[in-house]
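Visitor: Provide a 3D model corresponding to the input given below.
(one chain, ligands or ions: 1)
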Amino acid sequence: MEGIPLFMKYELPDVYKEFWDGLKKGEILGTKCKKCGKIYFPPQKDCTNCMTTDLEWVKLSKEGTIMTYSIVKQKPQGFENFQDYIIAIVRNSDDVDLMCWLLDKNPRVNEKVKLTSDGKRILCEGEQK
Ligand SMILES: [Zn+2]
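Guide: Next up is the predicted model:
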């Protein structure tokens, strides 16, 4: 017995369309409050800091530092056939934490990385020697 198939389907809210379009162009987008300047990632439509809805899309910095990472051996549904992969939390120079697919095999905490996109995911890669 190979287990019971489990399927989950849902629609993402509109607020993410810009974000996905950005990834296709290699940009990582967040939203920024025009009043207080707080940056939201994942993007939000409302500023919970000053209670306004006056937010704009901004390109986030692609320079970051690995804060922590996990090697994924037990993969979620749809990723069963992937090799083990590494998911990192990277803090970029806007001070925003992003979850990224790490391309390096031997990452280190505090390592500097560059953020990129393959059109679907945020990727990151260090300057490995
Ligand atoms: Zn605000």
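Visitor: Dump the C-alpha coordinates for the longest strand anywhere in the chain into PDB.
Guide: Counting by DSSP state E, the longest strand found in the chain is strand 63-72. In PDB, the C-alpha atoms belonging to strand 63-72 read as follows (Å, rounded to 0.1, in the frame of the first residue of the first chain):
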ATOM      1  CA  GLU A  63      21.300  40.800  -1.600                       C
ATOM      2  CA  GLY A  64      20.800  38.700   1.500                       C
ATOM      3  CA  THR A  65      22.300  36.600   4.300                       C
ATOM      4  CA  ILE A  66      21.300  33.000   5.300                       C
ATOM      5  CA  MET A  67      19.600  33.100   8.700                       C
ATOM      6  CA  THR A  68      18.800  29.400   8.800                       C
ATOM      7  CA  TYR A  69      18.100  26.500   6.500                       C
ATOM      8  CA  SER A  70      16.500  23.100   6.400                       C
ATOM      9  CA  ILE A  71      17.400  20.100   4.200                       C
ATOM     10  CA  VAL A  72      14.100  18.600   3.100                       C
END
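Visitor: Quick one: neighbours of W57, just the number.
Guide: Look at W57: counted by other C-beta atoms under 10 Å, it has 14 neighbours. Using the backbone N, CA and C atoms, a C-beta is placed for each residue, glycine as well.
Visitor: Assign it to helix, strand or coil.
Guide: Classification of W57 using DSSP: H, G, I helix; E, B strand; the rest coil returns strand.
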